Every structure is written in structure tokens, then in C-alpha cells.
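Enquirer: need a structure here:
(one chain, ligands or ions: 1)
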Amino acid sequence: MKCWQRAAAAGFQIPKISDEAKQEKFPGTNCTVLNGKLVASLMATQCKTLAAGRKQPKLVAILAGEDPASKVYVSSKGKSFADVGFASETIHIPSSEATAEKLLATIDAANADASVSGILLQLPLPNGIDAGPITARIAQKKDVDGFLASNMGLLALGEFSNATVACTPFGVMALLAAYGIPLASKKMVVVGRSNIVGKPMALLGLSADATVVIAHSRTANLKEVCREADILVAAVGKLGIITKDFVKPGAVVIDVGIHRGADGKLAGDVTRDVYDVASAMSPVPGGVGPLTISMLTMNTAIAAWT
Ligand code: GUN
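Expert: Next up, the predicted model:
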């Protein structure tokens, strides 16, 4: 897997789950559960093992404003870092003090601090602050989100020896690899064209020799386009938009969405009944989410160690 090049240089192996764990099915179906929590636990073990005798990786997470979801994400990132013995610090800038100048000064200080391996500017920023120029201030080596133009550019060029790969699509690649699901010559349809998920996901699929289609809100005949996918990645950000009739029987379905359903439970972009037709599917919660954090942890270790 080409995108694993820097991870391999830092000592990380592509996670592999056991044949026994691969037998886990959604109850009453023949659809394999792509268990992201399990793969994340394998990654956490690697982080702990590889850290022995090496510099302690440290993340600085910058949280501007009071967005409740962002607060939850940042605190769960901190907990995952603590679990593997890595350092993390959250710098919270309340809405009343959140200005572009303050954010830039905070990033400058973290860039200059040699004990900091990675910097994460939690998005979205409070209204009125343009994230582009603020994100761009992060040093390339400390951009553990992989959001900088330089890192996205290296990914587009397939120059993985120096690229930091965006965590969520990187996590999808790790999940597919852990289950031994090949991408070469397969048709991958990515629904969603965001800079954070859809675009880097498509480039990663391409790097693994998939035939990639990016579909989005203006795609004509979305259902038919999705039904051609061997591997369907739903990264739309709309609860339950991908239903059974969008899925070719036997396809592998990856759900990147995370929403609070009407019943108060977490749910994705994909409706649950898709497991009646898919051969394998990532659940929400417990699929891509835990791996996003794993890849952030790994990217921070890579930044510290290479
Ligand atoms: N907001 C939602 N997802 C992410 C992410 O992966 N990184 C950052 N920095 N902000 C986010």
C-alpha cells in the first residue's frame, strides 16, 4: 500500500485482523462487520510498542469557540493519546477571544516549540474566521491532519515518502487493508468531494490502482452511479442518504458519516438495511471513527520519529 510508506519508515505495519475476527457478521445477515474499533486497538498496540526508547510524540489541539461537537472530538482525541502514552495539550480559545491574529500567534508558538510534534486546528472555526490562511500557517511537518496544500499536493502527486495523509481517508485505507480487501482494478465510488475526506479518499483509491469516481450533490443519476461501485465510500454528511437500492449486491460499503439519529443514537450516511446486500460494511459507531483518531495518533508519531 503506497500510502503507508512513511508509516513503514517509522516502524508501523499495516494492521491485519485475524481470520476469526473476519467472521463477525451483522446479526442475521451474511455481511461482514468492518470493525474499526478492533483495527484501532491493533494500531494503539503498535504505537505503544514502537514508542519505547523514542521521543514522546506530542499533539497540540487548538479549539476556538464553543462548538459542542468539536469539544467532544478534541477531548476524545486527548483521551486516545493518553491511552497510548503520547502527550497532548488542548489550547481552548473562547469565542470572545478568537481572532485570526490570536490563532496565528498560537500556531506560531506551537510551530516554534520543539517538544510539539503535531498541531491540529479543530474545524470549523467560529463564524467570520477564514480557516484557509490559518491552517496554512501550520508547519508542513506538524500538519498531522494532512490538510495543507503541500501535503494534499504530495498526495496528488503520489509522493508518499514525504506526505502526511489526511486521517479519515487514511483510516479507510487501513480498514480495507486490515480486512484484506483489494482495491486494484476495482471500481471505487466516493460520494462527497470535501477537502477533508472525498478528495483525498479518491486520490488514495487511485494510488491503490482502483478506478475511481467522485460523486457529489450535483451528480446526475446518483443511485445508478453508486450501484456500479465495488467499493462505495459514503462521505456526504447526510443522515441515511445511501439506502439499499444504491448498493450493488456484494459491494463493500464504507460509511464515513456520523450523525445523531431521530432516536438519539449515532448513525451514518448509510442506512442499516444496506447490510442485507453488501458483502462487508463499516458500522457507525465503531467503524471509520476510531480509525480517524488512530491515524492522527500515528501521524503524530511519524512526525516525531521521522
Ligand atoms: N473537524 C471535523 N473533522 C476534523 C478533523 O479531522 N480535523 C480537524 N482539524 N477538524 C475537524
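Enquirer: Could you tell me which residues of this structure lie near the ligand?
Expert: Leu120, Leu121, Gln122, Leu123, Asp145, Cys167, Ile196 (C-beta under 6 Å from any ligand atom). (Each C-beta comes from the backbone N, C-alpha and C, glycine too.)
Enquirer: The fourth one contacts Ala131, correct?
Expert: Yes. In terms of C-beta atoms under 8 Å, Leu123 counts as a neighbour of Ala131; the distance is 5.7 Å.
Enquirer: measure the spatially closest residue to Thr99 that is not a sequence neighbour to Ser95 for me?
Expert: For Thr99, ignoring the flanking residues on the chain, the nearest one in space by C-beta to C-beta, 6 or more residues apart in numbering is Ile129 at 7.4 Å. Going from Ile129 to Ser95 by C-beta to C-beta, to the nearest Å gives 10 Å.
Enquirer: Between the two, which has more neighbouring residues?
Expert: Shown here are Ile129 and Ser95; by other C-beta atoms under 10 Å, Ile129 has more neighbours (16 against 11).
Enquirer: what's near enough to touch the most centrally placed residue in the chain?
Expert: Centroid-nearest residue in the chain, with C-alpha atoms, centre = their mean: Thr168, separated by 1.0 Å. By C-beta atoms under 8 Å, 6 or more residues apart in numbering, the residues touching Thr168 are Ile196, Val197, Met201, Ala235, Val256, Val288, Leu291, Thr292, Met295.
Enquirer: Provide the secondary structure category for it.
Expert: Here Thr168 is recorded as helix under DSSP: H, G, I helix; E, B strand; the rest coil.
Enquirer: quick one on the thing from earlier: so which of the contacts of Thr168 is the closest to Glu20?
Expert: Closest approach to Glu20 among these (C-beta to C-beta): Leu291, at 20.2 Å.
Enquirer: For the closest one, which non-adjacent residue is spatially closest?
Expert: Nearest non-adjacent residue to Leu291, counting by C-beta to C-beta, 6+ apart: Gly171, 3.1 Å away.
Enquirer: what does the model give the one you found for pLDDT?
Expert: As predicted, Gly171 sits at a pLDDT of 98.
Enquirer: State the number of residues packed around it.
Expert: By other C-beta under 10 Å, neighbour count at Gly171 equals 29.
Enquirer: ok, it - contacts?
Expert: Gly171 makes contacts with Gly36, Val288, Leu291, Thr292, Ser294, Met295, as judged by C-beta under 8 Å, 6+ apart.
Enquirer: Let's see that with 7 Å instead.
Expert: Listed by C-beta atoms under 7 Å, 6 or more residues apart in numbering, the contact set of Gly171 reads Val288, Leu291, Thr292, Ser294, Met295.
Enquirer: That one and Ile91: what is the separation?
Expert: 25 Å.
Enquirer: same thing with Ile293?
Expert: From Ile293 across to Ile91, the span is 19 Å (C-beta to C-beta).
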